[in-house]
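**Student:** quick one: sequence and predicted model below, then my questions.
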Amino acid sequence: MTSKYKRTFANILFLTGSCLLLYFLFNAPPETTKPLPRDQDHERFMTMSKKKAEQACDSCHGPGEKNQLPETHPPKYRCLFCHKRK
């Protein structure tokens with residue numbers, strides 16, 4: 001193969017890969033995780049750093065608390081990774 005054909009093949013391969021990536025990104029399922037509520041209990045976490053805010057989640061959502069998370073809940077140490085602040 002000459003370099004012209006190699007370059008054309010590489011360009012076609014790149015375009016095909018890019019199109020496939022875009023196809024999968026646009027067909028991704030919608031985000032279903034509830035955002036962090038904007039209520040009196042959660043308002044103080046809106047301005048904190050994520051790391052500092054996540055340390056306080058267990059005080060209300062930890063084991064034995066009124067708003068305890070179910071056992072099937074994903075890892076509980078990264079709350080604001082899924083539950084976005086509005």
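**Tutor:** Great, that's in hand. Just so it is clear, the structure is predicted and the values come from calculations on it, not from any experiment.
**Student:** domain-wise, how is this structure divided?
**Tutor:** The chain breaks down into these domains under automatic domain parsing: 1-28, 37-86.
**Student:** ok, now which ones touch the nearest residue to residue 38 once chain neighbours are set aside?
**Tutor:** In this structure, residue 38 finds its nearest non-sequential neighbour in residue 86, 5.8 Å apart by CB to CB, 6 or more residues apart in numbering. Just so you know, the C-beta spots here come from the backbone N, C-alpha and C atoms, and that holds for glycine as well. Counting by CB atoms under 8 Å, 6 or more residues apart in numbering, residue 86 touches 35-36, 38.
**Student:** any weak-confidence spans in this structure?
**Tutor:** By pLDDT under 70, the weakly predicted segments of the chain are 1.
**Student:** where is the longest helix in it?
**Tutor:** Ranked by residue count under DSSP state H, the longest helix found in the chain is helix 3-26.
**Student:** got the CA coordinates for that helix in PDB?
**Tutor:** The C-alpha trace of helix 3-26 is given here as PDB (Å, rounded to 0.1, in the frame of the first residue of the first chain):
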ATOM      1  CA  SER A   3       1.200   6.200   1.900                       C
ATOM      2  CA  LYS A   4      -1.800   7.900   0.300                       C
ATOM      3  CA  TYR A   5      -4.000   4.800   0.700                       C
ATOM      4  CA  LYS A   6      -2.700   4.300   4.300                       C
ATOM      5  CA  ARG A   7      -3.700   7.900   5.100                       C
ATOM      6  CA  THR A   8      -7.100   7.500   3.500                       C
ATOM      7  CA  PHE A   9      -7.700   4.200   5.400                       C
ATOM      8  CA  ALA A  10      -6.600   5.900   8.700                       C
ATOM      9  CA  ASN A  11      -9.000   8.800   8.100                       C
ATOM     10  CA  ILE A  12     -11.900   6.500   7.300                       C
ATOM     11  CA  LEU A  13     -11.100   4.400  10.400                       C
ATOM     12  CA  PHE A  14     -11.000   7.600  12.500                       C
ATOM     13  CA  LEU A  15     -14.300   8.900  11.100                       C
ATOM     14  CA  THR A  16     -16.000   5.500  11.700                       C
ATOM     15  CA  GLY A  17     -14.700   5.400  15.300                       C
ATOM     16  CA  SER A  18     -15.900   9.000  15.900                       C
ATOM     17  CA  CYS A  19     -19.300   8.300  14.500                       C
ATOM     18  CA  LEU A  20     -19.700   5.200  16.600                       C
ATOM     19  CA  LEU A  21     -18.700   7.100  19.700                       C
ATOM     20  CA  LEU A  22     -21.200   9.900  19.000                       C
ATOM     21  CA  TYR A  23     -23.900   7.300  18.300                       C
ATOM     22  CA  PHE A  24     -23.300   5.600  21.700                       C
ATOM     23  CA  LEU A  25     -23.100   8.900  23.500                       C
ATOM     24  CA  PHE A  26     -26.400  10.300  22.000                       C
END
